[in-house]
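>>> structure for the following, please:
(one chain, ligands or ions: 1)
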Amino acid sequence: MYEFKLSTKKDMILIVEDEEAIRDMLGYSLIKEGFSCDEAVDVDQAIASIESNRPSLILLDWMLPGMSGIDYARRLRNAPETKDIPIIMLTAKGEETDKVKALDSGADDYITKPFSTKELIARVKAVLRRYSGDNDGGVIEVGGLLLDPDTYRVTANEQEIEISPTEFKLLHFFIIHPERVYSRSQLLDHVWGENVYVEERTVDVHIRRLRKTLEPFEFDKFIQTVRSVGYRFSAR
Ligand code: CA
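Predicted coordinates:
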């Protein structure tokens, strides 16, 4: 669905990780893949890095000295100047509730340590692809809900609403494919990209977040659950 556009500039990845060995491994693997990197050992360094050179994506460790990665992800999402930077959480925790917590904090994806560099690179590319691919088509409006794919802006009844890039992608996909029912795995393929190792449960988490975002304007009713099949967008 979404086309992958080659960028002429190298994507810069900010690695926020306090363990030197992991930081070095990440930096080495990313540079080998053609990315440029900046490194930070804690949130303070990350803030300084973003101010001097805005990254294309942030790899954010959960457990950091001082402010945790989860709290920092929330802060990044809530600040207008950083809310559009994709985040992948690095976590040593494997519990399902922690994964949900990572996504709920505003991260676009998470990766559990220990991970292979191959998996990491695949996820980084998938998230970047998700962010770069939807710049065509122009503004779309459905019943008072307006989406601008060029600016990632969404307005509901002429009021601008805060939406994370992944939720934007999901909403955009739904809006341009109204009335059709999509299974979780189909949504993963179309919105997250094929060959991405993401659990289907991730879709539910993002659907819940999208509904919550739309709820104050009663547009959450457009995102309908089709029992034992998946989800559908319907403005009828
Ligand atoms: Ca750590």
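>>> mind listing what the closest residue to T225 other than its chain neighbours touches?
Nearest residue to T225, sequence neighbours excluded (Cβ to Cβ, 6 or more residues apart in numbering): Y231, at 6.1 Å. Where C-beta positions appear, they are placed from N, C-alpha and C, glycine not excepted. Contact analysis of Y231 by Cβ atoms under 8 Å, 6 or more residues apart in numbering lists 174, 181-182, 184, 187, 203, 207, 223-225.
>>> nearest to W62, of those residues?
Ranked by distance to W62 (Cβ to Cβ), these are led by V203 at 21.9 Å.
>>> just confirm that closest one is within a strand.
No - applying DSSP: H, G, I helix; E, B strand; the rest coil, one finds V203 to be helix, outside a strand.
>>> who are the packing partners of the longest helix along the chain?
Under DSSP state H, the helix in the chain containing the largest number of residues is helix 117-132. The contact analysis (3 or more Cβ pairs under 8 Å, 6 or more residues apart in numbering; DSSP states H and E) places helix 117-132 against helix 20-32, strand 57-61, strand 87-91, strand 109-112, helix 165-176.
>>> now with 7 Å, please.
helix 20-32, strand 57-61, strand 87-91, strand 109-112 (3 or more Cβ pairs under 7 Å, 6 or more residues apart in numbering; DSSP states H and E).
>>> please save the CA atoms from the shortest one in PDB.
In PDB, the C-alpha atoms belonging to strand 109-112 read as follows (Å, rounded to 0.1, in the frame of the first residue of the first chain):
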ATOM      1  CA  ASP A 109       7.700  -0.600  18.600                       C
ATOM      2  CA  TYR A 110       9.700  -2.400  21.300                       C
ATOM      3  CA  ILE A 111      12.500  -4.900  21.100                       C
ATOM      4  CA  THR A 112      13.300  -7.300  23.900                       C
END
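>>> list the contacts of that strand.
The contact list for strand 109-112 (Cβ atoms under 7 Å, 6 or more residues apart in numbering) reads 88-91, 94, 99, 102-103, 119-120, 123, 127, 198.
>>> if we use 8 Å, what do you get?
88-94, 99, 102-103, 119-120, 123, 126-127, 198, 202.
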